[in-house]
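Chemist: sequence and predicted structure are below.
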Amino acid sequence: MKFVVNSVEETLNLGKNIGKLCNPGDIICVVGDLGAGKTHLTKGIAMGLDVKDHITSPTFTIVNEYDSGRLKLYHFDVYRVNDPDEIYEIGFDEYIFSNGVSIIEWANYIESLIPEEHLRITLQKNVDLGENIRTIELLPKGKRYDYVKEIKI
């Protein structure tokens, strides 16, 4: 399923609509180039989960935890992970196999560690169409993510 968004607000809104449908234990893998909107999408998902905290990218800490929403949110940024063992040291399995929602930015860097069942979201800049134009593709892997068929901007 593909969406074309024209602004940061539309990216946030798409994320919010995803977050409203998330279930305990969901794993969302977000990939895209620098500046593609991964963190804005994550902020939107957090809004849909009713997270009250300010969402920031955990670039240097690898994971931020938020428990002020209807589900606990684990926000990973694995851009700086040099070795898959590094992610295990922080208890990666305990996070992703919990009842929280795990969002993993740069998930393509740790592809071998991602469970088969997950929602993959790819963001792509379309600068030839305009500065803020993005294509966002949702690829559900597993029946639990069939809810993406209901998502709209």
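Modeler: Nice, thanks for sending it over.

Chemist: use CA for all of it now, contacts and neighbours both
Modeler: Will do.

Chemist: give me the element the residue nearest in space to the middle of the chain is part of.
Modeler: Centroid check for the chain by C-alpha atoms, centre = their mean gives residue 103 as the closest residue, at 3.9 Å. Assigned by DSSP states H and E, residue 103 falls within strand 101-105.

Chemist: outside of that strand itself, list whatever touches it.
Modeler: For strand 101-105, the external contacting residues (C-alpha atoms under 8 Å, 6 or more residues apart in numbering) are 22-31, 38-39, 42, 71-79, 95-96.

Chemist: switch to 6 Å and redo it
Modeler: 25-30, 73-77, 96 (C-alpha atoms under 6 Å, 6 or more residues apart in numbering).

Chemist: want to try JSON lines for those residues, with secondary structure as columns?
Modeler: Below are the contacts of strand 101-105 laid out as JSON lines (DSSP: H, G, I helix; E, B strand; the rest coil):
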{"residue": "25", "secondary structure": "coil"}
{"residue": "26", "secondary structure": "coil"}
{"residue": "27", "secondary structure": "strand"}
{"residue": "28", "secondary structure": "strand"}
{"residue": "29", "secondary structure": "strand"}
{"residue": "30", "secondary structure": "strand"}
{"residue": "73", "secondary structure": "strand"}
{"residue": "74", "secondary structure": "strand"}
{"residue": "75", "secondary structure": "strand"}
{"residue": "76", "secondary structure": "strand"}
{"residue": "77", "secondary structure": "strand"}
{"residue": "96", "secondary structure": "helix"}
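
Chemist: quick check: the farthest pair among these?
Modeler: 25 and 77 (18.0 Å; C-alpha to C-alpha).

Chemist: higher neighbour count, the two?
Modeler: Taking other C-alpha atoms under 10 Å, residue 25 and residue 77 do not tie; residue 77 has more neighbours (23 against 19).

Chemist: pretty sure that one contacts residue 60?
Modeler: No - Residue 77 is beyond contact range of residue 60, at 8.2 Å (criterion: C-alpha atoms under 6 Å).

Chemist: give me the distance between the closest residue to residue 153 other than its chain neighbours and residue 137.
Modeler: Nearest non-adjacent residue to residue 153, counting by C-alpha to C-alpha, 6 or more residues apart in numbering: residue 14, 4.7 Å away. Relative to residue 137, residue 14 is positioned 11 Å away (C-alpha to C-alpha, to the nearest Å).
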